[in-house]
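Asks: Got a predicted structure plus its sequence, pasted below:
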Amino acid sequence: MRLVVDTNVVISAPLWGGTPKALFKLAEIIELDFYTSRTLLDEMADVLGRKKLARTISAIHETPASLLRHYQGFARVVQPRIIGRVVPNDPDDDALIACALAANADLVVSGDKHLHRLGGHYNGILIVTPAQALQKIRT
């Protein structure tokens, strides 16, 4: 199964665990292919570099750079095409959809309400929460 995982979920996995971490743990057991793009990696680097996360990152004995490197080694980078406006009220989420299209993804995994307002799918790609992704993958 091919997944594009939103930055909020990727960062939540190591920092807070829970369902996002369970999704990444499942990838160690069954074949899941994670995809990202340069734009999404740049967004991840920006978020990880924010002062409000510094203490949490330090508490797990990591750095923003080490977390980014780990994900870069885990996910395949694709080069998306430029797409028109897809996600109303949050144009940054268009990069996630563009990545999913380029990766021919089965799932976009995100907790972002703007993406979920697309009705649960876009161009045949399901848009799910981390909990929904786990359920879908396990069945």
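Replies: Received the coordinates, thanks.
Asks: Tell me the first helix or strand C-terminal of the helix or strand containing Val108.
Replies: According to DSSP states H and E, Val108 maps onto strand 107-109. Once the chain leaves strand 107-109, the next helix or strand it forms, by DSSP H and E, is helix 113-116.
Asks: just the helices in the chain please.
Replies: Along the chain, counting by DSSP state H, helices occupy 7-16, 18-26, 38-48, 51-59, 64-74, 94-103, 113-116, 130-138.
Asks: tell me the average confidence for the last one?
Replies: When you say that, I think you mean helix 130-138. Mean pLDDT, helix 130-138: 94.
Asks: got the contact list for it?
Replies: Contacts made with helix 130-138 from outside it, assessed by C-beta atoms under 8 Å, 6 or more residues apart in numbering, are listed as 1, 3, 9, 12, 18-20, 22-23, 26, 30, 32, 107, 109, 111, 126, 128. Where you see a C-beta, it was placed from the backbone N, CA and C, and this is true even at glycine.
Asks: Which pLDDT value goes with Arg69?
Replies: 96.
Asks: looking at this protein, which helix or strand is least sure?
Replies: The least trusted helix or strand in the chain, going by mean pLDDT, DSSP states H and E, turns out to be helix 113-116, with a mean of 84.
Asks: Quick one: distance of it to the chain centre.
Replies: Put simply, helix 113-116 sits 13 Å off its chain's centre (C-alpha atoms, centre = their mean, to the nearest Å).
Asks: List the buried residues of it.
Replies: Residues of helix 113-116 classed as buried: Leu115 (neighbour count, 16 or more other C-beta atoms under 10 Å).
Asks: what helices or strands is it leaning on?
Replies: If you count contacts as 3 or more C-beta pairs under 8 Å, 6 or more residues apart in numbering; DSSP states H and E, helix 113-116 packs onto no helix or strand.
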